[in-house]
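# return a 3D structure for these sequence lines:
(chains A, B, C and D)
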There are 2 protein chains.
Amino acid sequence: MPRRTKAEAAATREALLDAAEDVFFDKGVARTSLEQIARHAGMTRGAVYWHFRNKADLFHALLERVRMPFAELVDEVEQGSEASPLETTRLACHVSLKRLEQPRYRRILSILVHRCEFFSDINPLEMQDQLANECFAELCEQFRRAHDQGALAPHLTPETASRLLQSTLGGLFHDWLRMPDRFSIVTEGGHVIDTLFELMQHPSSEESSHQP
Amino acid sequence: MPRRTKAEAAATREALLDAAEDVFFDKGVARTSLEQIARHAGMTRGAVYWHFRNKADLFHALLERVRMPFAELVDEVEQGSEASPLETTRLACHVSLKRLEQPRYRRILSILVHRCEFFSDINPLEMQDQLANECFAELCEQFRRAHDQGALAPHLTPETASRLLQSTLGGLFHDWLRMPDRFSIVTEGGHVIDTLFELMQHPSSEESSHQP
DNA sequence: TAGCATACATACATGCATGTAACTATAATG
DNA sequence: CATTATAGTTACATGCATGTATGTATGCTA
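As a prediction, this is how the structure comes out:
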């Protein structure tokens, strides 16, 4: 009984993406057939081939649902208050950690990082690289400002600080994503980040909001 | 003309593993057939099925060639000199970074992290997790000693220090492994690690071997 | 040196995933 | 209201990967 209304068609498209997210997540991208995705959405492969050209196209569409450039997080945080660049960056880190905890982000990033090898015209490494570079550029800018204000610890250049923070964030992210139930990335990861920021800031500007 | 000598058989086994490393590396595990591996080694699939039960078994054998527990690195470093726990750990980090640069390690770890989804009875995440846990336990022990000697910065617990260093190492590792030609993990990664150690150590024990 | 186990190659059967080509019914459009 | 584009389903052809079964020549052992 095909030819639904336009809204219904869009709904099945979303349903197919949801189904793909499910099946990709617990069987891996390579090991799941379009048939399985279709059946999981209560459709047939025909529906999949109607909305997407092939598996790669479907995969690409999946990722479009979770883009989160780091620069936007910073803007979002800056909107609220007029804090120092270091504090702003720290808060942006916390927001990004919080976002990771949402199932939607967690599952799709897990698919991107752990559950797909590069295949046909899709290269997950390039996508990860692109995200990482955007993040690094933004960090550099923030740390440069902090450095100009003399807020960084001695001997600490903005570039090194950026690399250090990005590495720590990335490592935290990977450790957590590998086994998300082992620890909370918001509380424990947040604590690690706070510690790093405390170490990175200039000793003079001690205003620690720590345990009593 | 089958039935080679025992040594020759062992050689073809190695050749098959080498071939698997090659093909896995540039086509991904899921997208390579046992046929391709066999042909790349100048054999047929019969040889593969003689030496290994299936692809998972072959994959598992591949990883056996690169095990490198972090604790062994520490022991190795401790062997030479009688440095402080902090300095010992720092050197162990450098050694591990240097090891990553070797093509054999780089390629196989790249296969483990980027070029295989979990499949059948092989779970790369568990393997990564196991490695990470071993590393974390060793870091904890070293930082506990450093803490007992008052060598850590104030407010820095051994557990947090361990998490921080492990995250940074892991992030560095992932960033580099994703695009190994973008930077040298030994020089630039080493610099990040050195910076972190400088920040983590107690301000009193300043003995920095830095640029003049 | 007869015979057996080894170290493969070859052949075969099966299944599954893909892509495309009809086929169909209905919503949108004029 | 007739037509057309849409939103699918079903059927079909193809190819490839796997696993196993069988063949086979050779090294080893008694």
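
# what's the following helix or strand after the helix or strand of chain A with the lowest mean pLDDT?
Least confident helix or strand, chain A: helix A:70-80 with a mean of 84, by mean pLDDT, DSSP states H and E. Proceeding N to C from helix A:70-80, the next assigned helix or strand is helix A:85-101, under DSSP states H and E.

# buried residues, that following helix. List them.
A:85-97, A:100 (16 or more other C-beta atoms under 10 Å in any protein chain shown). C-betas here are computed from N, CA, C, even on glycine.

# could you list the buried residues of the helix or strand just after it?
Using DSSP H and E, the helix or strand that follows helix A:85-101 in sequence is helix A:103-114. Across helix A:103-114, burial judged by 16+ other C-beta under 10 Å covers A:Y105, A:R106, A:R107, A:I108, A:L109, A:S110, A:I111, A:L112, A:V113, A:H114.

# what packs against the longest helix along chain A?
Longest helix in chain A, counting residues (DSSP state H): helix A:124-148. The contact analysis (3 or more C-beta pairs under 8 Å, 6 or more residues apart in numbering or on different chains; DSSP states H and E) places helix A:124-148 against helix A:70-80, helix A:85-101, helix A:103-114, helix A:158-178, helix B:158-178.

# returning to what we had before: show residues contacting the least confident helix or strand of chain A.
A:88-89, A:91-92, A:95-96, A:99, A:131, A:134-135, A:137-139, A:142 (C-beta atoms under 8 Å, 6 or more residues apart in numbering or on different chains).

# let me know the angle separating that helix from helix A:85-101.
Here helix A:70-80 runs at an angle of 120 degrees relative to helix A:85-101 (axes from the mean of the first three to the mean of the last three C-alpha atoms, to 10 degrees).

# might you report the residue contacts of the one residue in chain A that gets nearest to DNA strand D?
Here the residue of chain A nearest DNA strand D is A:G46; by C-beta to the nearest atom of the strand that distance is 1.6 Å. Each residue near A:G46 by C-beta under 8 Å, 6+ apart is listed here: A:A38.

# convert the helix or strand where it lies to PDB, retaining C-alpha atoms only.
A:G46 belongs to helix A:45-51 when elements are defined using DSSP H and E. Presented in PDB, the C-alpha positions along helix A:45-51 are these (Å, rounded to 0.1, in the frame of the first residue of the first chain):
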ATOM      1  CA  ARG A  45      14.800  -3.100   1.200                       C
ATOM      2  CA  GLY A  46      12.900  -1.300  -1.400                       C
ATOM      3  CA  ALA A  47      12.200   1.500   1.100                       C
ATOM      4  CA  VAL A  48      15.900   1.800   1.900                       C
ATOM      5  CA  TYR A  49      16.800   2.000  -1.800                       C
ATOM      6  CA  TRP A  50      14.200   4.600  -2.300                       C
ATOM      7  CA  HIS A  51      15.500   7.000   0.400                       C
END
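
# let me see the mean pLDDT of that helix.
For helix A:45-51, the mean pLDDT works out to 98.

# kindly report the same for stretch A:101-117.
pLDDT averaged over stretch A:101-117 gives 94.

# just say helix, strand or coil for A:P180.
Per DSSP: H, G, I helix; E, B strand; the rest coil, the secondary structure class of A:P180 is coil.

# isn't it right up against A:L109?
No - between A:P180 and A:L109 there is no contact under C-beta atoms under 8 Å: 10.4 Å.

# pretty sure A:D194 sits against A:L91.
No - in this structure A:D194 lies outside contact range of A:L91 using C-beta under 8 Å: 10.7 Å.

# skipping adjacent residues, who's closest to A:Q36 in space?
Nearest non-adjacent residue to A:Q36, counting by C-beta to C-beta, 6 or more residues apart in numbering or on different chains: A:V23, 5.5 Å away.

# I'd assumed A:A38 was in contact with the one you found.
No - if you go by C-beta under 8 Å, A:V23 and A:A38 don't touch, sitting 9.9 Å apart.

# can you confirm A:R39 is in a helix?
Yes - counting by three-state DSSP, A:R39 falls inside a helix.

# what's the local residue count around it?
Residue neighbour count, defined by other C-beta atoms under 10 Å in any protein chain shown, stands at 14 for A:R39.

# next one: A:T160
Neighbours of A:T160 under the rule other C-beta under 10 Å: 19.

# get me the contact residues on chain A for DNA strand C.
Contacts of chain A with DNA strand C, taken as C-beta under 7 Å from any atom of the strand, map to A:1-6, A:33-36, A:45-46, A:49, A:54-55.

# so where's chain A uncertain?
Chain A contains residues with pLDDT under 70 at A:1-3, A:120, A:206-212.

# which parts of the least confident helix or strand of chain A are buried?
Quick answer for helix A:70-80 (16+ other C-beta under 10 Å): A:F70, A:L73, A:V74, A:V77, A:E78.

# returning to that earlier point: from the buried residues of helix A:103-114, which is closest to A:H155?
The closest of the buried residues of helix A:103-114 to A:H155 turns out to be A:V113 (C-beta to C-beta; 33.6 Å).

# could you look up the SS state of A:I185?
coil.

# from A:H51, how far off is it?
A:I185 is 34 Å from A:H51, where distance means C-beta to C-beta, to the nearest Å.

# which of these two has more neighbours?
For A:I185 versus A:H51, the count of surrounding residues by other C-beta under 10 Å is larger for A:I185: 22 against 18.

# grab the nearest non-local neighbour of that one.
Leaving aside its chain neighbours, A:I185 sits nearest to A:W176 (4.2 Å; criterion: C-beta to C-beta, 6+ apart).

# what is the neighbour count of the one you found?
Counted with other C-beta under 10 Å, the neighbours of A:W176 add up to 22.

# I'd say it and A:G190 touch.
No - contact between A:W176 and A:G190 fails when scored by C-beta under 8 Å: they sit 11.4 Å apart.
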